[in-house]
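*Asks:* What follows is a predicted structure for the sequence shown.
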Number of protein chains: 2
Amino acid sequence: MSRAHNFSAGPAALPVEVLEELQPALVEFGDMRAGIMEISHRSAAFAEVHHAARDRLRRLMSVPDDYTILFLQGGASLQFWMLALNLVGDGGSADYLLTGTWSRKARTEAARVGDIAIAWDDPDGRYDRVPADDEFTVRPDARYLHYTSNNTIAGTQFSTPPAADRPLVCDMSSDICSRPVDVGAHALIYAGAQKNLGPSGVTAVILSPWVLEQSRRCAAVLPGGLPSMLDYGLMASKDSLFNTPNTFGIFALERVLAWLERQGGLEAMAARNARKAATLYAELDRTDFWRPHARVDSRSQMNVTWRLPTPELEATFVAEAADAGLMALKGHRSVGGIRASIYNATGQQAVDDLVAFMRDFEARHG
Amino acid sequence: MSRAHNFSAGPAALPVEVLEELQPALVEFGDMRAGIMEISHRSAAFAEVHHAARDRLRRLMSVPDDYTILFLQGGASLQFWMLALNLVGDGGSADYLLTGTWSRKARTEAARVGDIAIAWDDPDGRYDRVPADDEFTVRPDARYLHYTSNNTIAGTQFSTPPAADRPLVCDMSSDICSRPVDVGAHALIYAGAQKNLGPSGVTAVILSPWVLEQSRRCAAVLPGGLPSMLDYGLMASKDSLFNTPNTFGIFALERVLAWLERQGGLEAMAARNARKAATLYAELDRTDFWRPHARVDSRSQMNVTWRLPTPELEATFVAEAADAGLMALKGHRSVGGIRASIYNATGQQAVDDLVAFMRDFEARHG
């Protein structure tokens, strides 16, 4: 056996050279005479890993100096609630753009604590597009506007952050580090690592100073205060080490970020990702046999979704593709169809091979 | 370089044969043509890993059939609050035995939501012992009694669970799977994995049916309900897969549990752990040069703590030990002194070598 082209939506493909770097470190890490998972999270050796991860992410994303970077646990799903608890836990208000399953979930959790309004929802429920800036308004008293930059299930993406006069909060789980982004235009960015950054079990959280102030205000009025593990201020003051973090996950993430730097950083990745996506969308537009889901102006460069004429053909497509070494192309269980996730670690060759397979498939089944 | 004897309190030593099993799986896992970190948490291949982990833990610990086993994120520290939210989130009451730093932290988080009473605290604050059963009483209306079975910092341990007429809730982070335990006598057991079970970033949680009922009751009365990620009932109904878990951590844990089964299970581990501890305590009792911290009837078989005549000698001890290949013997930063953590993966040879070093050290510095 050998490694196939992996189009998994997440946990997703990682650069093989990173995986090969991790292998020896499991048994012996540096000169520690122990493996990376066996050393204290408070050791100097792990502090070096941790700070390198933070510093690389700051450089790659041009995170402003006064922003805090945390590596937490629980995925974006825990952030859905944690961010609301810290920002509107006192019953304050916030607005949400609903562009698919994940932003709906984010809103559900936030509505447990704050006054949450839906600034935009897809009127026909297809979630095949993201809103234009003139399609929504944000309440003047909203503490923030929340959006999901890339929608993994529907296969849509904001090409630029939504325009709003209020602080932006973004779930960037599925396109963080796939392209440059104006971090300073955001108050809070969070991302589960398992798509573009590393293994599952680590969540990168980037906070503006305003978030920490707001967190303190909510802590002061919440009965019982903020629970320690869900207190951004405390996590920041402890540099993500209030308790034991996912040390191996942070190490793997650090190695992925080093790989991204070697690739030329986010400008270079954006160019590669744009080319991969253009290759695949060109095939989807070539023939009516493929039925791309997302509207052209909202197409995701990370998750490309389409249908075939029948569900039976889709099942055949997924099975034949797997036999041809093109793995994990089945659409999300909630929507069906085909989904090719083409994150940073999936190369142009994988997309070229997928397109060649698609042409052959259409010739045989079209 | 080669691997040293590792006495780290956590993240801690893992069996080298497990680490060597993990290495190839990073690049190619089974016949998946992808690494273990690169496959969906909803794939059949990962489900097999996940269920094997759960089933092995159930067999090893003789977990009753009607109990639920979850693998969550956030460590014991998130459980401190999550368990209280699910069990006394409606303002109900619970009692806590305070036997050190970790049980104090558990109580602090619980007191944010419930009516928490301290059933016992060490009157002289040394935390060099755990209470006898006749030293505390539990309120009749307490929903549960919380205790920490092993205190990593002080080096004390309950030899048997405390006697109480109320359901027991136990933080078993630092001695889970080190010996047999009557799981059925507990309502809830939780443990960060990074001492006896695997890498950091996975928390094993074992729940009785009563916990799930209580969780539903609290969800019904809490304003906004329980946040999804902190709802035991939801986590149980989704089999820990409400969102993406720490897949690599669960895989590593599953391999550690398989190793424990190969070692003969928990009876065999208990015998080995008792012998290791007896070897080390015999040396501590041999001469007044060593000043063991824990009272004899409360001694931990996992974390052995002692002082030397001066802090300077302690620093010399830690440094010379490291040079001799005996790593991570420094006591916790909050109490100083020496701490040797001798979890499952630390063998008798490590303890024998430590004792030989100690005799030599005393001969030179005593």
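*Replies:* Happy to help now that I have it. Residues are numbered from 1 along each chain as shown, chains lettered A, B, ... in the order given.

*Asks:* What helices and strands are in contact with the helix ranked longest in chain A?
*Replies:* Across chain A, the longest stretch assigned as helix under DSSP state H is helix A:265-286. If contacts are counted by 3 or more C-beta pairs under 8 Å, 6 or more residues apart in numbering or on different chains; DSSP states H and E, helix A:265-286 sits against helix A:44-61, strand A:291-292, strand A:303-307, helix A:348-365. Using the backbone N, CA and C atoms, a C-beta is placed for each residue, glycine as well.

*Asks:* Let me know which of those is the nearest to A:Ile176.
*Replies:* Ranking those by proximity to A:Ile176 (C-beta to C-beta) places helix A:44-61 first, at 7.8 Å.

*Asks:* And the contacts of the closest one?
*Replies:* A:29-30, A:32, A:36, A:39-41, A:63, A:67, A:69, A:71, A:176-177, A:180-181, A:183, A:204, A:206, A:239-241, A:245, A:247, A:250-251, A:253-254, A:257-258, A:260-261, A:265-266 (C-beta atoms under 8 Å, 6 or more residues apart in numbering or on different chains).

*Asks:* Kindly report the domain assignment for chain A.
*Replies:* Chain A breaks down by automatic domain parsing into domains covering A:16-261, A:266-365.

*Asks:* and among those domains, the most buried is which?
*Replies:* domain A:16-261 (a mean of 21; mean count of other C-beta atoms under 10 Å in any protein chain shown).

*Asks:* And it, end to end?
*Replies:* Terminal residues of domain A:16-261 lie 16 Å apart, using C-alpha to C-alpha, to the nearest Å.

*Asks:* From chain B, how far out is the spatially most central residue of chain A?
*Replies:* Centroid-nearest residue in chain A: A:Ser173, 1.4 Å away (criterion: C-alpha atoms, centre = their mean). Distance of A:Ser173 to chain B, computed by C-beta to the nearest C-beta, to the nearest Å: 10 Å.

*Asks:* Go ahead and confirm that residue touches A:Trp102.
*Replies:* Yes: A:Ser173 lies in contact with A:Trp102 (C-beta atoms under 8 Å); the separation is 7.5 Å.

*Asks:* Tabulate the helices and strands packed on helix A:265-286 (a markdown table), appending mean pLDDT and distance to A:Ala154.
*Replies:* Below are the helices and strands packed on helix A:265-286 laid out as a markdown table (pLDDT from 0 to 100; distance: least, C-beta to C-beta, whole Å):
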| stretch | mean pLDDT | distance to A:Ala154 |
| --- | --- | --- |
| helix A:44-61 | 98 | 25 |
| strand A:291-292 | 97 | 11 |
| strand A:303-307 | 97 | 7 |
| helix A:348-365 | 98 | 20 |
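
*Asks:* Out of those, flag the one nearest A:Tyr147.
*Replies:* A:Tyr147 lies closest to strand A:303-307 among those, at 16.2 Å (C-beta to C-beta).

*Asks:* residues making contact with stretch A:321-330?
*Replies:* Identification of contacts with stretch A:321-330 by C-beta under 8 Å, 6+ apart yields A:4-9, A:317-318, A:338-341, A:350, A:353-354, A:357, A:361, B:32-34, B:39-40.
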